[in-house]
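# Generate a structure from the sequence data that follows.
(2 chains)
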Amino acid sequence: LAKTTQPISMDSYEGQEVNITCSHNNIATNDYITWYQQFPSQGPRFIIQGYKTKVTNEVASLFIPADRKSSTLSLPRVSLSDTAVYYCLVDPNSNSGYALNFGKGTSLLVTP
Amino acid sequence: DGGITQSPKYLFRKEGQNVTLSCEQNLNHDAMYWYRQDPGQGLRLIYYSQIVNDFQKGDIAEGYSVSREKKESFPLTVTSAQKNPTAFYLCASYPGTVSSGANVLTFGAGSRLTVL
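A predicted model of the protein is given here:
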């Protein structure tokens, strides 16, 4: 499975839009990109998943260019409660057994 | 509500003792995973299982063992061979064949193991 690379950390002020980019150069044709959010001492939770172009839900947008070698998670108007670690995962989205390996994630700090 | 239950939430162990962390899911998911997380670090895969009675090693399987006798259960044993077992352990499940939507991991709340 494709390895992922993300910035280690990012800082933002409340109310700003935050964009976190993930690089996955070796993504396979059938792979999806999934983003998770993790608060301290909790399990990660699903934010958004996409295959190509743009996906939007109530909490985030996911932009995937045509070559699919990267993806960008966009969090609109962040609040203090968005301070967390964000992981992107290349996911075969298949019923076959795959080792789902996470990278180190991006630690986002939102300040007033 | 469907979900994943991990127990215990906190566990203390003396050096040289084996401990078993429980993971149970009622989501009817096919696959289950164990991850280890150290302070300030990402998630590292220990073991995963796609079907009952079958499991594969992840990147850091040494010193750990698992079993998958039932679809709902995937316990992790931290053996005395694990050199530095103090960590936060996360169990997750993944739909597979039964999914009607996006296949995503569902995580438990985690178990924090401290070796004294």
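# Could you use CA atoms for every contact and neighbour count after this?
Will do.
# Quick check: closest non-adjacent residue to residue B:22.
Once flanking residues are discounted, residue B:22 sits nearest to residue B:75: 4.7 Å by CA to CA, 6 or more residues apart in numbering or on different chains.
# now do residue A:52
residue A:64 (5.1 Å).
# Spit out the contact partners of the one you found.
Residue A:64 sits next to A:50, A:51, A:52, A:53, A:54, A:70, A:71, A:72 when contact means CA atoms under 8 Å, 6 or more residues apart in numbering or on different chains.
# what's the spacing between residue A:14 and residue A:74?
14 Å (CA to CA, to the nearest Å).
# before we move on, what about residue A:15?
Distance from residue A:15 to residue A:74, by CA to CA: 13 Å.
# These two: who's more crowded?
residue A:74 (18 against 15; other CA atoms under 10 Å in any protein chain shown).
# next one: phi and psi at the more buried one?
phi -120, psi 120 (degrees, to the nearest 10).
# just the strands in chain B please.
Remark: strands assigned in chain B by DSSP state E are B:4-7, B:10-13, B:19-25, B:31-37, B:43-49, B:56-57, B:64-66, B:76-78, B:87-94, B:106-107, B:111-115.
# Throw these into JSON lines and include mean neighbour count and mean pLDDT, thanks.
Below are these laid out as JSON lines (neighbours: other CA atoms under 10 Å in any protein chain shown; pLDDT from 0 to 100):
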{"stretch": "strand B:4-7", "mean neighbour count": "19", "mean pLDDT": "97"}
{"stretch": "strand B:10-13", "mean neighbour count": "13", "mean pLDDT": "93"}
{"stretch": "strand B:19-25", "mean neighbour count": "20", "mean pLDDT": "97"}
{"stretch": "strand B:31-37", "mean neighbour count": "24", "mean pLDDT": "96"}
{"stretch": "strand B:43-49", "mean neighbour count": "24", "mean pLDDT": "96"}
{"stretch": "strand B:56-57", "mean neighbour count": "16", "mean pLDDT": "96"}
{"stretch": "strand B:64-66", "mean neighbour count": "19", "mean pLDDT": "97"}
{"stretch": "strand B:76-78", "mean neighbour count": "19", "mean pLDDT": "97"}
{"stretch": "strand B:87-94", "mean neighbour count": "26", "mean pLDDT": "96"}
{"stretch": "strand B:106-107", "mean neighbour count": "23", "mean pLDDT": "96"}
{"stretch": "strand B:111-115", "mean neighbour count": "19", "mean pLDDT": "95"}
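# for those strands, which one sits closest to residue A:45?
Residue A:45 sits nearest to strand B:106-107 of all the strands of chain B, at 6.9 Å, using CA to CA.
# by contact count, what packs against that closest one?
In terms of contacts (3 or more CA pairs under 8 Å, 6 or more residues apart in numbering or on different chains; DSSP states H and E), strand B:106-107 is packed against strand A:45-50, strand B:87-94.
# Take those strands and write them to CSV, including distance to residue A:93.
Shown next, in CSV, are those (distance: least, CA to CA, whole Å):
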stretch, distance to residue A:93
strand A:45-50, 10
strand B:87-94, 9
